[in-house]
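Student: Have a look at this fold, sequence not included:
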C-alpha cells in the first residue's frame, strides 16, 4: 500500500458523513475521532468517542483514557503515537447522550462501511484491546460470550493477542471491585503483551 493511498483513505474516513443520511442523524455535526497508521502494533477497539474527545478531536482525552493508559502500562506519548497505537472505535463520532445521562450506543452506520476496510490498513497489529460489548461482539463473532462480563471472564481464551476489557469509565468502578481478578490476573498479562509488541516495533524502527 502506498503512502498516498493510505492518506487518501484516512481523509475519506475523517470526512465521513454517513450519519447525515440516517433516519435519526447525529445531534451535532459529524466529527470522526480515531488514529491509525499501518505500522501500529496495538489496536484499541473502543465503542465511540466521548464528548471531550469530540470537542478536542483527541481520542480517550478524558478520565477514562487516563485509566485505560494505566491498564495498558503506557504513557500519553506512546498512546497518542499512531505509528504504535491505533485507536479505532466502532462508531467514529460522539453519538450524543441517552436520557439516562450515559452515552448513546455507537452509530450503526460506521462499522459496516468502514471497519474491515480500516483493519486491512493495519497489517502489523499484535495486540488488540476490545473495549465493551459492541467491539467484542463484532471482533469475536461466535466466540463472544453474550455479555461483557462473561467475555472478560474468559479472557485467557483470547490472550495474548486479544484482550476483552470493560469500558474504563468510572461507571464501571463497582464492576472492577466485584471482579478483582481483572487487575491481579488480566492486567499484568495485558501489559506484558503490550510491552512485547512495542519492543518488536522498536526493533524494526
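Tutor: Yep, that arrived. In this text the structure is predicted, and so the values were computed from the model without any measurement.
Student: which residues of this protein fall in helices?
Tutor: In the chain, the helices defined using DSSP state H lie at 3-14, 51-56, 63-72, 76-79, 110, 116-120, 132-140, 148-153, 173-178, 181, 187-204.
Student: So for residue 45, which of these sits nearest?
Tutor: Proximity of those to residue 45 was assessed by Cβ to Cβ; the nearest stretch is helix 132-140, lying at 4.1 Å. The way it works is simple: take the backbone N, C-alpha and C, and place the C-beta from them, glycine included.
Student: ok, and what's touching that closest one?
Tutor: Contacting residues not belonging to helix 132-140 are listed as 45-47, 89-90, 105-106, 111, 115, 128, 130, 144, 147-148, 151, 158, 162, 164, 166-167 [Cβ atoms under 8 Å, 6 or more residues apart in numbering].
Student: which among these end up buried?
Tutor: 45-47, 89-90, 106, 111, 115, 128, 130, 144, 148, 151, 158, 162, 164, 166-167 (16 or more other Cβ atoms under 10 Å).
Student: Give me the subset of those that lies in strands.
Tutor: If you go by DSSP state E, the buried ones among the contacts of helix 132-140 have 45, 128, 130, 162, 164 in strands.
Student: so how far is residue 86 from residue 158?
Tutor: In this view, residue 158 and residue 86 are 18 Å apart by Cβ to Cβ, to the nearest Å.
Student: ok now stretch 110-117, how far from the chain's centre?
Tutor: 14 Å (Cα atoms, centre = their mean, to the nearest Å).
Student: Contacts for that stretch next, please.
Tutor: 9, 13, 16, 18, 88-93, 138.
Student: Farthest-apart pair in these, please.
Tutor: Pairwise over those, using Cβ to Cβ, the maximum falls at 9 and 138, 19.7 Å.
Student: what's the spacing between the residue of the chain positioned farthest from its centre and residue 51?
Tutor: Relative to the mean C-alpha coordinate of the chain, counting by Cα atoms, centre = their mean, the farthest residue is residue 23 (26.1 Å). According to Cβ to Cβ, residue 23 and residue 51 sit 23 Å apart.
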